[in-house]
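A.B. asks: I need the structure of the sequence given here:
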Amino acid sequence: MKKVIIAFLIGGILGGGAGFGAGIFLFPFLFQSDIVAIEAPPEGGTMEVVATGRFIHADPSDSLHYGKGKLTVYGDTIHLGADFEVGPGPKYRVYLVDIADIKESDDVKNANFVDIGPLRAFKGSQNYKIPANVSLGDYKSVVIWCEAFGVLVSPANLEFTGS
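C.D. replies: This is a model prediction of the structure:
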């Protein structure tokens, strides 16, 4: 009888831990993937387009981490377009990265980057302010990064307009 109780307790602890871990991982997939952001491009000030880019699926063999859609930089604001979409996951961040042609996580880990803020939705148009102390010309990419697992989700090269 003692072995049955011990086995039951161990099974309960292991099952509870596995269930908790799966719940944390699956939460964004189940409850937030239907949230679609709808933010207009920034108003006021200059609406001059400074740069554009397009998010890509950097590793086609990775079906969890993908992205697509257009981004436009207006002065001090990064605007993700209405067609923006990434595969859902936990703790996604928006980074400005100082290198272009990012294809894997190590490219970001070995680069200089600025954390612009948390991704607010997995789909739809969103605005992110570039901090005043950041010189946009020093950066070549915008990256969606999974902070929880240290994984590249989707990069976009910045193409600057002529000055």
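A.B. asks: so V134 versus V73, what's the distance?
C.D. replies: Between V134 and V73 the distance is 12 Å, computed by CB to CB, to the nearest Å. C-beta here means a position set from N, CA and C on the backbone, and glycine is covered the same way.
A.B. asks: among those two, which residue is more densely surrounded?
C.D. replies: When V134 is set against V73 and neighbours are counted by other CB atoms under 10 Å, the residue ahead is V73, at 24 against 14.
A.B. asks: and the host helix or strand of the more buried one, which residues are buried?
C.D. replies: Secondary structure assigned from DSSP states H and E places V73 in strand 67-74. The neighbour-count criterion (16 or more other CB atoms under 10 Å) identifies 67, 69-74 as the buried residues of strand 67-74.
A.B. asks: work out the sheet partners of the next helix or strand after that strand and label each with its direction, please.
C.D. replies: Downstream of strand 67-74, the first helix or strand assigned by DSSP H and E is strand 77-80. Based on DSSP bridges, the strands next to strand 77-80 in the sheet, each with its direction, are strand 67-74 (antiparallel), strand 123-129 (antiparallel).
A.B. asks: which one of the ones you listed lies nearest to W145?
C.D. replies: When the strands paired with strand 77-80 are ranked by proximity to W145, the top entry is strand 67-74, at 10.8 Å, counting by CB to CB.
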